[in-house]
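# only geometry, no sequence info:
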Ligand SMILES: NC(=O)c1ccc[n+]([C@@H]2O[C@H](COP(=O)([O-])OP(=O)(O)OC[C@H]3O[C@@H](n4cnc5c(N)ncnc54)[C@H](OP(=O)(O)O)[C@@H]3O)[C@@H](O)[C@H]2O)c1
C-alpha cells in the first residue's frame, strides 16, 4: 500500500510517499480501507517533534511510528478473529492516537479503541476531522470548562478546527457564545450560531468591559493575564495550547483566587474517558444542523502541501486528505 513516511522530525519536506506492506489485523483489530484523513495542527507538531517534551512519547531522535496521521474515516475490509463490534463493509471513523498510521491506504485499529460507525448523512471527508476539533472542544467545554446552560462563553480562534466545533457545541449546550475571529471569517462564525462575533484586529475583547464565565482560547494567542479582566467572578480561562505561561497560571490559580486557568491534553486522557466524550459528541454531530467545516482537500500524495498550508495557521475548520 502507499503511505506517507516520516523517518525524522522537520518541515513538510521530510514526508515521503512510499510503498510499504499492508498491515494485517490482529485478532482484536479491524482493517480500515481509508477514504479520508486530515492534517491537524497536532499532526504538524508531531511532524516537527516540538515541543520537545512530546518526543518522550513519539520517539526521542526520530518518530517511533514512521506513518503519521491520527484521524481516519473509511470502510472495514478485513477483521481479526475475535472482532465482534464491526463487520466487513461497515463505514467507520475514529482516531488512532497511540500508534498513528492514518496517512496510508489501510490502517488496523483495535475494535475497542476510538472508532465508531459513521452516522447516516455524514460522508468520509466530514467524519475524518471529528476526532480533532470536535472531540477536543467537547473535552474542553464539558470537562475542563464545565459549561452550563445560560453561561457566557468567549471562543477565541472561532474559525479554526477546534473553534468551529466549539461554537456549535457551546450553543447546543445552552451557552451564550461570543466568537473571536478576523473580518474574513465573521460570516462563517455567525453561520455556526454565535450570538456575537468580534474581529480581533479591531477590538480587544478584554478591553470592552464585557464579562464571560468561560474564555476558551482555542489557538493560544491570548494569556490568562491579558484576558483576566474579561473573566466574570469565578470565571475560567481554558486553552488546549500549553506553554510555560499557561502552565504557571494553571499552577498559581489552583492554589488561590476566584478566577482559574485550566489545560488538558485530550489525547492523553484514559481511553474510557475519551470514549465517553466521543459517544456524547456523537449525539451532537448526529443532529442535522451540525456543520462540518472543510477548508481544503488534498490527495495522499499532496500531504506535504497540506502540511505547508496548515503551518500557516490560517486554515478554516479542517484540512482533509482524500485517499483512494
Ligand atoms: N490540548 C489538546 O487536547 C489539543 C488537541 C487538539 C489540538 N490542540 C491544539 O489546539 C490548537 C488549535 O488547533 P486548530 O486546529 O483549531 O487551529 P487552526 O484550525 O489551525 O487555527 C487556525 C485559525 O485560527 C485563527 N486565528 C489565527 N490567529 C488568531 C488570533 N490571533 N485570534 C483569533 N483567531 C486567530 C485563524 O483565523 P484568521 O486567519 O482569520 O486569523 C484560523 O482560522 C493547536 O495549537 C493544536 O495543537 C490541542
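Cool, got the structure. Bear in mind the structure is a predicted one, so any value in this text is a computation, not a measurement.

# tell me which element the closest residue to residue 95 other than its chain neighbours falls in.
Closest residue in space to residue 95, ignoring its immediate chain neighbours: residue 131 at 3.6 Å, by Cβ to Cβ, 6 or more residues apart in numbering. From N, CA and C alone the C-beta is placed, and that goes for glycine too. Under the assignment given by DSSP states H and E, residue 131 is not contained in any helix or strand.

# show me what residue of this structure gets nearest to the ligand.
Using Cβ to the nearest ligand atom, the single residue of the chain nearest to the ligand is residue 160, 2.7 Å away.

# which residues touch that residue?
In this structure, residue 160 makes contact with 41, 133, 218-219, 315-317, judged by Cβ atoms under 8 Å, 6 or more residues apart in numbering.

# so residue 321 touches residue 304, yeah?
No. With contacts counted by Cβ atoms under 8 Å, residue 321 stays clear of residue 304, the gap being 11.0 Å.

# which one of the two is surrounded by more residues?
residue 321 (27 against 19; other Cβ atoms under 10 Å).

# how about the more buried one, secondary structure?
strand (DSSP: H, G, I helix; E, B strand; the rest coil).

# and it, how far from residue 46?
As for residue 321, its distance to residue 46 is 15 Å (criterion: Cβ to Cβ, to the nearest Å).

# ok so, going back, so which of the contacts of residue 160 sit within helices?
The helices, defined by DSSP state H, take in 41, 133 from the contacts of residue 160.

# show me which of the contacts of residue 160 neighbour the ligand.
Within the set of these, contact with the ligand (Cβ under 6 Å from any ligand atom) is found for 41, 133, 218-219, 315-316.

# contact residues of the protein facing the ligand?
So the chain meets the ligand at 40-42, 45, 132-133, 136, 156-157, 159-163, 180-182, 184-185, 200, 218-221, 240-241, 264-266, 313-316 (Cβ under 6 Å from any ligand atom).

# what about residue 137, neighbour count?
The burial count for residue 137: 29, using other Cβ under 10 Å.

# in which helix or strand does it reside?
With DSSP H and E as the test, residue 137 turns up in helix 133-138.

# so how far is that helix from its chain's centroid?
6 Å (Cα atoms, centre = their mean, to the nearest Å).

# what's the following helix or strand after that helix?
strand 152-156.

# and that following strand, which strands flank it?
strand 176-181 (parallel), strand 212-217 (parallel) (DSSP bridges).

# and residue 7, how many neighbours does it have?
Count around residue 7 with other Cβ under 10 Å applied: 12.

# wait, it touches residue 15, no?
No. Applying Cβ under 8 Å as the test, residue 7 and residue 15 come out as separate, 9.9 Å apart.

# pLDDT below threshold where in the protein?
Nowhere does the chain drop to pLDDT under 70.

# all helices of it, in order?
41-48, 55-58, 124-128, 133-138, 161-172, 186-191, 224-227, 244-255, 271-285, 303-311.

# distance from the fifth one to the middle of the chain?
Here helix 161-172 is found 11 Å from its chain centre; the criterion is Cα atoms, centre = their mean.

# repeat that for the last one.
What separates the centre of helix 303-311 from the centre of its chain is 16 Å, taken as Cα atoms, centre = their mean.

# name the helices or strands packed onto that helix?
Applying 3 or more Cβ pairs under 8 Å, 6 or more residues apart in numbering; DSSP states H and E, one finds that helix 303-311 contacts helix 41-48, strand 294-299, strand 318-322.

# show me what the second one is packed up against.
With contacts defined as 3+ Cβ pairs under 8 Å, 6+ apart, strand 294-299 has these neighbours: helix 124-128, helix 303-311, strand 318-322.

# contacts for it, please.
Residues from elsewhere that reach strand 294-299, judged by Cβ under 8 Å, 6+ apart: 39, 125-126, 129, 305-306, 309, 315-323.

# contacts for the helix holding residue 137 next, please.
Contacts for helix 133-138 (Cβ under 8 Å, 6+ apart): 40, 95, 160-166, 169, 216, 218, 240, 266, 274, 277-278, 280-281, 284-285, 317-318.

# neighbour count says what about those residues? Which are buried?
Those of these that meet the buried threshold are 40, 95, 160-166, 169, 216, 218, 240, 266, 274, 277-278, 281, 284-285, 317-318, by 16 or more other Cβ atoms under 10 Å.

# in this structure, which residue sits furthest out from the middle?
Farthest-out residue of the chain from its mean C-alpha position, per Cα atoms, centre = their mean: residue 81, at 31.9 Å.

# break the chain into its domains for me.
Domain assignment for the chain by automatic domain parsing gives 2-130+293-322, 133-267.

# what about the first one, distance to the chain center?
Between the mean C-alpha location of domain 2-130+293-322 and the chain-wide mean there is a distance of 13 Å, by Cα atoms, centre = their mean.

# kindly report the same for the last one.
Its chain's C-alpha centre and that of domain 133-267 lie 15 Å apart, by Cα atoms, centre = their mean.

# now do it: distance from first to last residue.
12 Å (Cα to Cα, to the nearest Å).

# ok, now the longest one?
Here the two ends of domain 2-130+293-322 are set 13 Å apart, with distance taken as Cα to Cα.
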